[in-house]
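*Asks:* what's the 3D shape of this:
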Amino acid sequence: MTKKIRTPKLRGWTFIEVVVTIGIILVLTSAVGFMAFKYFDQAKIATAKAQVQTYAMAVNAYYLDCKQYPDPQAGGLNALFSAPAGVEGWNGPYVDHPITNDPWGHPYQLKVPGSDGLPFEVISLGPGGNSSGNTSEISSAH
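*Replies:* Reported below is the predicted structural model:
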């Protein structure tokens, strides 16, 4: 007598099950993607604040050595990395690398004198990119 060996029936996924599964995966990944963009914006703001503070400390060190602030019309913050012509006492570089743009691609700005009676101010224009009433401007307040 021969014994029949039963093989289990393999049941695959139906087309509808595959479409529903892909739909669920897409919804979950899009929700994560939108949340990630929020964190990218926060990271850019934190980076700009840290760079503004670093440049402000370097401007103070420049002032201690040169007895004047960098001239915004004659290179501005670039005087922190390479010696400007005609300035005595320069003992830099005061930063590790040339001055870069802020995380939004705009150049950092130096105002001498600064606002509210401050001797100077280092500014990132923020995501808006203009200084005319921009509430997202990041400043050093020194």
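
*Asks:* in the protein, which spans are helices?
*Replies:* 15-66 (DSSP state H).

*Asks:* which residue is nearest the middle of it?
*Replies:* Nearest to the geometric centre of the chain sits Lys44, at 2.9 Å (C-alpha atoms, centre = their mean).

*Asks:* roughly how far does that one sit from Pro113?
*Replies:* Look at Lys44 and Pro113: by C-beta to C-beta, to the nearest Å, they are 28 Å apart. Heads up, the C-betas are built off the backbone N, CA and C, glycines and all.

*Asks:* isn't the residue nearest to the centre of the chain right up against Pro103?
*Replies:* Yes: when contacts are counted by C-beta atoms under 8 Å, Lys44 is listed as touching Pro103 (3.9 Å).

*Asks:* so who does Phe120 touch?
*Replies:* By C-beta atoms under 8 Å, 6 or more residues apart in numbering, Phe120 lies in contact with Ala56, Val59, Tyr69, Leu110, Lys111, Val112, Pro113, Gly114, Ser140, His142.

*Asks:* try it again with 7 Å
*Replies:* Val59, Tyr69, Leu110, Lys111, Val112, Pro113, Gly114, His142 (C-beta atoms under 7 Å, 6 or more residues apart in numbering).

*Asks:* make a ChimeraX selection of whichever of those residues turn out to be buried.
*Replies:* In ChimeraX, a selection of the buried entries from the contacts of Phe120 looks like this (16 or more other C-beta atoms under 10 Å):
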select :59,69,110,111,112,114,142
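
*Asks:* just the closest of the contacts of Phe120 to Pro93, please.
*Replies:* Nearest to Pro93 among these, counting by C-beta to C-beta, is Val59 at 12.8 Å.
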